[in-house]
Structures are given as structure tokens and as C-alpha cells.
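Colleague: Provided below for reference: sequence and predicted model.
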There are 2 protein chains.
Amino acid sequence: MADAPAPPVAKGERPTLKTISRITGLAVPTVSRALNDAPDIGQETKRRVRAAAEEVGYLPNRAGVRLRTGRTNVISLVLTTEDDGMNYNSQLISSMLAALRGTAYHVVVTPYFPSDDVLRPVEYIVETRSADAVVLNQITPRDPRVAYLMARGFPFATHGRTEWLDRHAYFDFDNEAFGTLAVEALAARGRRNLIAIAPPMDQTYAMDMVRGLTGAAKSAGLQTRTLADATSDDASAVIDAALRRAIAADGPVIDGVITASTNACMVAVDAMERAGRVTGVDFDIVAKEGTDFLRRFRRPILTVREDVRDAGTSLAHAVLQMLKDPAAAPMQELRRPRGVLGARA
Amino acid sequence: MADAPAPPVAKGERPTLKTISRITGLAVPTVSRALNDAPDIGQETKRRVRAAAEEVGYLPNRAGVRLRTGRTNVISLVLTTEDDGMNYNSQLISSMLAALRGTAYHVVVTPYFPSDDVLRPVEYIVETRSADAVVLNQITPRDPRVAYLMARGFPFATHGRTEWLDRHAYFDFDNEAFGTLAVEALAARGRRNLIAIAPPMDQTYAMDMVRGLTGAAKSAGLQTRTLADATSDDASAVIDAALRRAIAADGPVIDGVITASTNACMVAVDAMERAGRVTGVDFDIVAKEGTDFLRRFRRPILTVREDVRDAGTSLAHAVLQMLKDPAAAPMQELRRPRGVLGARA
DNA sequence: GAGAATTACTAAAACGATTTAGATTTACGA
DNA sequence: TCGTAAATCTAAATCGTTTTAGTAATTCTC
């Protein structure tokens, strides 16, 4: 609870430009322009003003700046309030915060409720100008939010790609490559009959992943299909039920599973083992995961690493660059998976 | 991209009080007071003003309100940028957002970097008045942030308790009860030699948990101790190493493990099994978890449910009530665990 | 050495809201 | 019937910042 060391201008109040104006004897606008390094302010004056600002611990009043300029110094992260399987939201937020450290930007998390119109949060932000930029995820190929933001010329970056590839900033993991890698890894282990628990198929990355899967399967000359009636985002019970049906169905016996989430992987291993299939013996499973959680599962699971924090860092930099230089080309990054890790037995 | 249906006052601009003033022919302050339901505005006038506001889709400019009143309509959630084991942050945020739905409050996540002074984020918020209230977690008994906020009279609520129990709003899970339940469950299964992987011992809830453990152990006349050199918040490798040392050490053989986190539980099961001990046979383990993740682990793990979303909901309500009626007694809630769930085999 | 250009600052206005003080109208009491 | 109170509205000021326009002093140009 140490107080500030006897502020020279004794006032319990927070210092404003007026405070510095009084200290230096300069007019308020001069102080403002000096702090903003305007060209028509003398070097010596700038030095004096900055010293005074430093001394009293001046920080610009955000409401004042915002009211006058319209700049909010806020970046809005639009997220669903639904459970995310693993740590996705948490990691995205904390990595964005880390990347924004030292800047004037705050992060506001704007909820998107499943019952709402998808556009609502984004419209709200744009109409009330409550942020300088928006970060979106769970992107569909013709995402209406992206279309809206592009039409309005509002700065944004997405985790995931649309079909308007060259027109906005994005970060994405290369899910087609993941699909390819996964199939190849299973093929190399002699697996011939694969099933994938894909993300919801309206999402771009789900389509990418499936494209990778089917392409690689065709090349390798083996069977692959997507689990019906469940996605990797569904609740465990739903995935479990769908898998049970698939396992019990007639036809060639499943000997390879591909999943895009940790949770789906655990459910799948569980379901297969309950059906009497031994992991690593009767079948293999490839899972994409952000943590090293599956390693603790004590099964020979094949994993592909995907660090969500990379997304947060990249997206934060993308919007920062955008706000600094609106004319610059949008930052776009496609992160390729490094390879398939064989879990220890 | 549907436009608003022909706004009666044709202007691309966002409506302000001035817009409504023009429509109704009333002065701006009158409009303001009408919308704020001031006593000196006539009923008919209020009706007219509200109708006009509705019609043009008026939403108060946050910067204007904030500048004039000092109210920010922001609730700050102070979180570390470190990884949280499971979904803690994510669930806390989304449940808070859900509870704040329909209010004017935004949630700003304020990062706390491990290298910083603990007080820094909170000081920043108070000094720059960048939020109306703060929510804190990872509370220590004499948490300096809590002391600071109490001294400043700044509204806040904590997830976790301090030693200043009656003086601030909090939500907490009853970790002493958890400790007691856990020991009793293990004792009932004939386990005599327990080890606990506790949270960092500076945290209040860790101390609570250990108090519960030792109390129940004494009553049941059995051995219990806390794992040295590692806490449930540590990285998997650290916990693993510490556990290996404990398992290899001389003395009575460990036949019961208690852990406060999903991750620590997985690590513990892993370590024990690598040492040749079979879960549910040679030893039992009790874990507290917020998800139903461990059920998929296919081990007879005993779990105690703890829904983080309860914390977020309760804390949001606590600060809302505080902001509405500063004089009211702070909301305090201690959530007891419902019992120990035996995992299926 | 006079006019033009440059430098370095100040005055006034504005962003959108609320608050305080004051004005006008109507109703009321004696 | 007149002063007073009550009801309802308006005018002006203010929060802290930035912008636009303008002023004064200095330097340059030929």
C-alpha cells in the first residue's frame, strides 16, 4: 500500500493534461501535442513536458481520448459461451494478452450466445464503435461476420480461413496437411479402414481436414469416411453413441481413427476398448491436441501438436499492425503441423 | 448485411441525445433525464422520449458516460497469463459473461504476468479507474490485492477466501470439506497411507484442503502427508518427478492419493502405474475436477465435482449487487462438494 | 530592410453525456 | 387576488482530450 512518493503537485486527483499544463506553464493543447510528438512543438518543450508527465505519472484518460478521437484502445475477442473442449479460449486469450503487453490495448471478451444471431455481437461492436478491431474464430467459408466486417471496412483478424482468402488477415492451422499426415501415419502402420471424427462441417477447417483425409486415402488406396451424427465438438455422450453405432455396423472393421480434439480422442479410445479393441494393436488413433494431455493417457496414441497460443500471438500482431498501418497488406499465416508424434507405450 | 429499416432521422451517424432532442423538440438534458427516469420529468414526456430512443436505436455513448460520470461499465477480471491446468479461466469467463448478459457491463481481462508485482494490475485499474469492479482469484490469506482494494474502498469480489472473511464478497469451494471427504472415502476402502498433491501452499484453499485432510486422517487414525517439491499447479514433469521420489522412498507403501486437479490426477495415475501399482487395486485416488474428463480415463478414479461456472455466476452477481447497492452486505458463498463419485471401471 | 516563410505556441471548439442552477408555467392556499 | 409551492422544462458548465484556426516571434529571401 505504498503511496506515490509525495507527488509534486499535491492533489489526490489523477493527473490530467491540465495538471501538466499548470506545472509547465504551457497551454493544455501544447502539452497534448508535445506528448503526441507533434512536429510543431519545440524539442526543449517536448522534453520538459515529458519530464513533467513522467513525474506526476500521467496516463491519458481513456474516456477523454475515446470521446474525442473515437479510438477505443480496445480489441474485442468474440467467443461463444459454450464449453470449449480443452483449453482453447483460455489459451487464445492469454496469448493475445501477452502479445498486447506494453501496448495501450485492452481486451474485451464479447460473448456470442448460441441462441443469438451470429451477427449480433459483431454488429453491436461496429455500430457502437466499442472496439478498434475484432478477432473472430470458428470461421465458415462465407462467414457472414467476415462479410459484414469487410463491407464496413472494420479492422479484424480471424482464426480460420474464409473463401475470401486474400482479403483479410487470418491465422490458421493447415488442417488439410493434418488430414494428409494422419492418413499417411495410419497407412504406414498398415491400417486400411479409417474413420474420422471431424469438426462441424460448416467450419472451414473441418472441410480442409476432410479434403486432406480423402486425398491421402485415395493416394494410399484405402477406405476413409467421416463419423455420422457426431462432430468432435459434440458432448462426449453424443460422440460415444455415434461411435458405438459405427463400430457395431456391418462392413470392414475399423482399424484407424482420426480426431481433431483431445476429448473426442479420449471418447474414441474408450469406445473402441469397450468394444474389445486394443489401442495400438487392433487399431491406431491419430489426434490433434494443443496440450500434452494425451501423453498421460498411457495409450500408444499418435498425436499432432497444435499450439493455440501461436494463434493468439499471431492474431494480436495482425490487428496491431492493421491499426498501426491500415494500408498495409493483411497479415496471413498458415501454420503447418510439424509431424506425427508416436506416443510412448 | 441488412440495413436498418430506413431510420426516420436520415443520418449515417450514430444517434445521440442530440438526435432525440431534435426529434422530440426537447432539450438534450431533458432527454437525458427522461431516459434516466428522473423524477422531474413528466410521464408523457418520458414516454415520447423513450419511443424516439427506441425508434432510432439509441444506445448511450460509453465514452461520454464514462467521461462525465466516471462509471466505466466495465468489470475487470484479473488473471494470470500462465496456463491453467484445465479449463478454469475459460469457464470462469464464459460463466461471468453469461451472468452479465443483458446488463451494460463489459468484461475486460486484465493480465497478471508472473514477473510483475502482484499489485500492479489492480493498482492500475484503481488509479486509472478503468473498471467499476474487479474480480480476483488465486487468493492468499492476506492477499495484498484484497488489502489494497479494501483500503481504497474499491468494489471487488474474490474466488477464494482471505482471513478478512466478513469484509468482502467472495465465492469459494469448501476445500476443507473436500479434504475430509477424500480421506473418508479412501479410509472406507481400507487405504491407510495417503499422499496429497496439494495446490501451492500460499493459497488459502490449499491450506483449507490440507486442514480437512489432516483432521479427517487423525479421526480415522491413518497416515497422511503432502507431496514435497511439487504442487498440483506445477508442470506434469515436475509432479511426476516428485511423485517418483515419494514412491521410491522408504517407509510405508502409499495406497491412497488425493489431488485437487485433473492434470495432477493423470500424472499420479501414470506414475503409480509405471511403478507397477494398479489403480483401484493397489491404491485408490481421489481427484477434484470441473469437467467429466477423468471418466474417459478408464480407471476407477474417485472424483469430486466442482463446477467453476458456479464461481463465475456467483462472482458476477456479487459485483452486480455491489454496484447496484454499495451499502448492502457483500455476497458470500461457500459451495460444499456434493460427495465422492466412484468412477466406473 | 520589407515582405514572405517558418517556427512555436495559444484560443476556441468539439466529442456525448450528466449535473447544477435557474426559468417558466400551473395549481394552491389564505 | 396575490404570493408560494409544485411540476416541468431549459441554459450553462463540465468531464479530458484533440483538432482547427489563428497569433506572435523569428528567420529567410532578394
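Modeller: Yep, that arrived.
Colleague: give me the mean pLDDT for stretch A:76-84.
Modeller: Stretch A:76-84 shows a mean pLDDT of 85.
Colleague: swap in stretch A:272-288?
Modeller: Across stretch A:272-288, the average pLDDT comes to 92.
Colleague: just confirm yes or no for it near chain B.
Modeller: Yes - Stretch A:272-288 is in contact with chain B by CB under 8 Å from any CB of the partner chain, via A:Glu273. Where C-beta positions appear, they are placed from N, C-alpha and C, glycine not excepted.
Colleague: now do the same end-to-end measure for that stretch.
Modeller: Using CA to CA, to the nearest Å, the end-to-end distance of stretch A:272-288 comes to 18 Å.
Colleague: who touches it?
Modeller: A:178, A:181-182, A:185-186, A:189, A:191, A:243-244, A:247-248, A:254-262, A:264-265, A:268-269, A:294, A:299-306, A:337, A:340, A:345, B:298 (CB atoms under 8 Å, 6 or more residues apart in numbering or on different chains).
Colleague: swap the cut-off to 7 Å and go again
Modeller: For stretch A:272-288, the external contacting residues (CB atoms under 7 Å, 6 or more residues apart in numbering or on different chains) are A:178, A:182, A:185-186, A:189, A:191, A:247, A:254-260, A:262, A:265, A:268-269, A:294, A:299-304, A:306, A:340, B:298.
Colleague: that one: which residues count as buried?
Modeller: By neighbour count on 16 or more other CB atoms under 10 Å in any protein chain shown, the buried set for stretch A:272-288 is A:Met272, A:Arg277, A:Thr279, A:Phe283, A:Asp284, A:Ile285, A:Val286, A:Ala287, A:Lys288.
Colleague: residues from the stretch 1-150 of chain A in reach of DNA strand C?
Modeller: The stretch 1-150 of chain A has residues A:25-30, A:33, A:40-45, A:67-68 near DNA strand C, with proximity defined as CB under 7 Å from any atom of the strand.
Colleague: change it to 10 Å
Modeller: By the rule CB under 10 Å from any atom of the strand, the part of the stretch 1-150 of chain A lying against DNA strand C is A:21, A:24-34, A:38-46, A:48-49, A:63-70, A:128-129.
Colleague: now the buried members of the contacts of stretch A:272-288.
Modeller: Burial by neighbour count, judged by 16+ other CB under 10 Å, picks out A:178, A:182, A:185-186, A:191, A:247, A:254-260, A:262, A:265, A:268-269, A:294, A:299, A:301-304, A:306, A:340, B:298 from the contacts of stretch A:272-288.
Colleague: just the ones of the residues you listed in strands?
Modeller: Mapping those onto strands (DSSP state E) picks out A:Gly256, A:Val257, A:Ile258, A:Thr259, A:Leu302, A:Thr303, A:Val304, A:Val340.
Colleague: so where's chain A shaky on pLDDT?
Modeller: For chain A, applying pLDDT under 70 flags the ranges A:1-12, A:83-86, A:343-345.
Colleague: would you mind listing what in it touches DNA strand D?
Modeller: Selection of chain A residues close to DNA strand D by CB under 10 Å from any atom of the strand yields A:13-21, A:27-36, A:38, A:40, A:53, A:58-71.
Colleague: again, 6 Å this time
Modeller: Applying CB under 6 Å from any atom of the strand, one finds that chain A approaches DNA strand D through A:16-17, A:28-29, A:32-33, A:36, A:60-61, A:64-65, A:67-69.
Colleague: out of the residues you listed, who's near chain B?
Modeller: Applying CB under 7 Å from any CB of the partner chain to the residues of chain A next to DNA strand D, one finds that A:Gly64, A:Leu67 fall near chain B.
Colleague: which one (most neighbours) among the residues of chain A next to DNA strand D?
Modeller: A:Leu17 (22 neighbours; other CB atoms under 10 Å in any protein chain shown).
Colleague: can you flag the buried ones in the residues of the stretch 1-150 of chain A next to DNA strand C?
Modeller: The buried subset of those - by 16+ other CB under 10 Å - is A:21, A:24, A:26, A:30-34, A:41, A:46, A:48-49, A:63, A:65-67, A:129.
Colleague: and A:Ser32, how far is that from chain B?
Modeller: 16 Å (CB to the nearest CB, to the nearest Å).
Colleague: make sure that residue is indeed in a helix.
Modeller: Yes - counting by DSSP: H, G, I helix; E, B strand; the rest coil, A:Ser32 is located in a helix.
Colleague: what residues are up against it?
Modeller: A:Leu17.
Colleague: also A:Leu92?
Modeller: Applying CB under 7 Å, 6+ apart, we find A:Leu92 in contact with A:Val308, A:Ala311, A:Gly312.
Colleague: also A:Asn193?
Modeller: Applying CB under 7 Å, 6+ apart, the residues contacting A:Asn193 are A:Gln223, A:Pro252, A:Val253, A:Ile254, A:Asp255, A:Gly256.
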